[in-house]
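Enquirer: The following comprises the amino acid sequence and a computationally predicted model.
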Amino acid sequence: MKPNELLGLSDQLALSGYSLSRFLALDDPLKHKDVYFFLNCLKKNPHVLGVDTTDATVKEFLDSELHAERYNLLFEQLLDHPTMRSYLETWRDMVHLIMGKFSWGKPHITSGATTTSVRGSRPIERFADAQCTAGLDSFLKLNEVPISVPWDSYGIGIGMGVCVPKTALVGRFIGKPCNVNAYYQTSLGKSLNMRLRRRGIDFTYAQDIHRRLARHASIRNHLTTDDQKWASSLIYRSLVKYLVPDDWFKPLDACRDYELSLPGGLRKTLNQFATMGNGFCFELETIIFLGLLYTAASFEGISISDHNIKVFGDDLIYPSKLTERVRAIGRNVGFITNVDKSFSDGPFRESCGGDYFNGHLVRPVYLDRTVTCPFDLTIMANQVWALLLEHGAEELPIMYSVWFKLVSAIYRFHGSSKALWGPSHLQCLHGMPESGWITQCSKWNKVTIRVWETRPLEFTHFKHIVKGLSPEYTMRMVCAGYGRGLGSLMVPEQKLGKRVFGPPKPRTCRYPLVPKAGSDLVPKIVETQLFFEPSLVDPMDPLSVFSVLPLTRAPQRLYAPSYSEACKRDKVELYVRLADQLRLAVERKRACLESLGSLVIDV
């Protein structure tokens, strides 16, 4: 059964949904939010039609490439235009101001897929077969890069384009780089990230900040929220070469992919500078759009340090006074503003997944899973339940029926044993009172509950991971710390009698099992200890941890009475020592004041 059949939606209605423009055109949109949520809940579900979207995804990628190619060829004409030249020169100065002097950052080895390794592979596996593009190879031979590398040698290769699910009609195009390129890309991305932090943009909190500003803007109508179509695809090479300082452009250009191998065997030379999947694509994109906002602000007489100027990838927030100039400059250099997701006037704003109408959150819940697995049904039901808690179940009767259908499907298709109810901080069904949870008490008086947990389907160990690798390469990677977690398993001694221990028990493998790279994650039902609070330790009384430790799997020696008494004694001694230090400090201060005497002011 398809998701739309379970919810009673036709294929056409599930795909088209309820457009945002139609919703906002209503007299009182908040009264119709239930229908709006219902008709859009499957809009991004890739399983509605069950068709392969690879061809459509590649076609969209090639269309964006044609657009970038056109502006690569026309960029010199933009520089000949006097008005655009003044904008571009200011834009370049702003980008130079943000990026500063070039320096390599500290690289890190990601777990993403590359051309020679699957997603989740460990460093020892990842660089056993190292590949590098010809452009980066030439750069490394001519320039000394002060970064230690985890490979012995590498071969020459090209990046690979892949399609991942996004919606029922089109997927998302991702570029998988060569692993050597990916390593240096993370270094550049880390360095660019540091530059953005100096300008007040921290990716850790950026999404929350954008949502908060979007909510305020929907009430005060003072900010514009813009979203770009094909954002990373339209950051083309000629634009980057002009805007970015020369000392930055050379390593950025060397580490990127010049061409990709597309699905079907076609090789495509790239006009865009960096595809999604590139280690510095997001940071570079953010800097270029931030420079664009700074340029518009300087021409409008607004300080570039305005705290309302924020960028997170292609999500832009800036004062509404700059709207026309920002969009005009972007349109002239080839950027395409997504008019369906960009707002400069009215009571609605959207940014970073936060949709607000007059301060009210009206973001639909997008159910993008199948309905064949009880775990997927549980996740979808919990998404709807969170929406009901946000708005009130009495205000969303249609969405409440959706939640009821999803829960009923678990009982109908998979039985009550798969319907695991519990608290909202665990992976189980949410919405039933505590009296309906299935819990049990162990012999240690611990309350446990059954929940879902995703675990790898396949496991391996160190012996199989390093099989076929050279001893020199393996030892160097292990000594560098890249074998952490893959070492020999300590086998406990077997008990022969009372207080008598013998040699370890024989085992066929003495290596700890770890998830195999690229292994699918499968949901399983496990038992977990039930805690209603994140921590039961009173922050004002840290020694209360001794009353909590017996409820956990901590060794008994950690909460033995003698250990507890010793900690209390140390606490008293610490307070006494601190009091003595404070008393001595007060006496020294008093003595200094007495030695000053009286002040004589000579007029």
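Expert: Here it is on my side, so go on.

Enquirer: residue ranges of the helices in the stretch 301-450 of the chain, please?
Expert: Under the criterion DSSP state H, counting those that start in this stretch, helices of the stretch 301-450 of the chain are mapped to 323-332, 374-391, 397-414.

Enquirer: Including distance to D152 and mean neighbour count, could those helices go into JSON lines?
Expert: Bear in mind the C-beta positions are built from the backbone N, C-alpha and C, glycine included. Shown next, in JSON lines, are the helices of the stretch 301-450 of the chain (distance: least, Cβ to Cβ, whole Å; neighbours: other Cβ atoms under 10 Å):
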{"stretch": "helix 323-332", "distance to D152": "46", "mean neighbour count": "17"}
{"stretch": "helix 374-391", "distance to D152": "42", "mean neighbour count": "20"}
{"stretch": "helix 397-414", "distance to D152": "51", "mean neighbour count": "18"}
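
Enquirer: Please identify which of those helices is closest to K33.
Expert: With Cβ to Cβ as the criterion, K33 lies closest to helix 374-391 of the helices of the stretch 301-450 of the chain, at 7.2 Å.

Enquirer: Report the inter-axis angle for that closest one versus helix 397-414.
Expert: If you take axes from the mean of the first three to the mean of the last three Cα atoms, to 10 degrees, helix 374-391 sits at 160 degrees to helix 397-414.

Enquirer: tell me the mean pLDDT for helix 374-391?
Expert: Averaged across helix 374-391, the pLDDT comes to 94.

Enquirer: Which strands and helices lie in contact with it?
Expert: Under the contact definition 3 or more Cβ pairs under 8 Å, 6 or more residues apart in numbering; DSSP states H and E, helix 374-391 sits against helix 397-414, strand 447-456.

Enquirer: Show me which residues of the shortest one are buried.
Expert: What that stands for is strand 447-456. 449-452, 456 (16 or more other Cβ atoms under 10 Å).

Enquirer: closest to K250 among those residues?
Expert: The closest of the buried residues of strand 447-456, once distances to K250 are taken by Cβ to Cβ, is P456, at 41.0 Å.

Enquirer: what's the burial count for A128?
Expert: A128 has 21 neighbouring residues, counting by other Cβ atoms under 10 Å.

Enquirer: got a list of what it touches?
Expert: Applying Cβ atoms under 8 Å, 6 or more residues apart in numbering, we find A128 in contact with 469, 473.

Enquirer: how about a cut-off of 7 Å?
Expert: L469 (Cβ atoms under 7 Å, 6 or more residues apart in numbering).

Enquirer: likewise P364?
Expert: Residues in contact with P364, defined by Cβ under 7 Å, 6+ apart, are 36-37, 40-41.

Enquirer: same question, N358
Expert: Going by Cβ under 7 Å, 6+ apart, N358 touches 218-219, 347.

Enquirer: picking up where we left off before, which member of the contacts of P364 is positioned nearest H461?
Expert: H461 lies nearest to C41 out of the contacts of P364, by Cβ to Cβ, at 43.0 Å.

Enquirer: Could you check how far the closest one is from L6?
Expert: Here the criterion is Cβ to Cβ, to the nearest Å. By it, C41 lies 11 Å from L6.

Enquirer: Show me which of those two is the more surrounded one.
Expert: Neighbour totals were compared for C41 and L6, and C41 leads with 28 against 19 (other Cβ under 10 Å).

Enquirer: Quick check: pLDDT value at that one.
Expert: 93.

Enquirer: so it touches L367, yeah?
Expert: Yes - counting by Cβ atoms under 7 Å, L367 is a contact partner of C41 at 5.1 Å.

Enquirer: Contacts only, for T275.
Expert: Contact partners of T275, counting by Cβ under 7 Å, 6+ apart, are 175, 232, 257, 281.

Enquirer: just K321 next, same as before
Expert: Residues in contact with K321 (Cβ under 7 Å, 6+ apart) are 300, 302.

Enquirer: Could you report the pLDDT at it?
Expert: 94.

Enquirer: Tell me the most packed of the contacts of T275, by neighbour count.
Expert: Busiest of the contacts of T275 [other Cβ under 10 Å] is D257, holding 28 neighbours.

Enquirer: Tell me the pLDDT of the residue lying closest to that residue once chain neighbours are set aside.
Expert: Closest residue to D257 apart from its sequence neighbours, by Cβ to Cβ, 6 or more residues apart in numbering: G159 at 3.7 Å. Reported pLDDT at G159 in the predicted model: 93.

Enquirer: List the contacts of G159.
Expert: So G159 contacts 115, 175-178, 257, 260 (Cβ under 7 Å, 6+ apart).

Enquirer: hmm, 6 Å instead?
Expert: When contacts are counted by Cβ atoms under 6 Å, 6 or more residues apart in numbering, G159 is found next to 175, 177, 257, 260.

Enquirer: count of neighbours near K43?
Expert: When counting by other Cβ under 10 Å, one arrives at 20 neighbours for K43.

Enquirer: Quick check: longest helix in the protein by residues?
Expert: helix 561-596 (DSSP state H).

Enquirer: buried set for that helix?
Expert: In helix 561-596, counting by 16+ other Cβ under 10 Å, buried: S564.

Enquirer: Now it: average pLDDT?
Expert: Taken as a whole, helix 561-596 carries a mean pLDDT of 82.

Enquirer: how distant is that helix from the center of its chain?
Expert: A distance of 47 Å separates the centroid of the chain from that of helix 561-596, by Cα atoms, centre = their mean, to the nearest Å.
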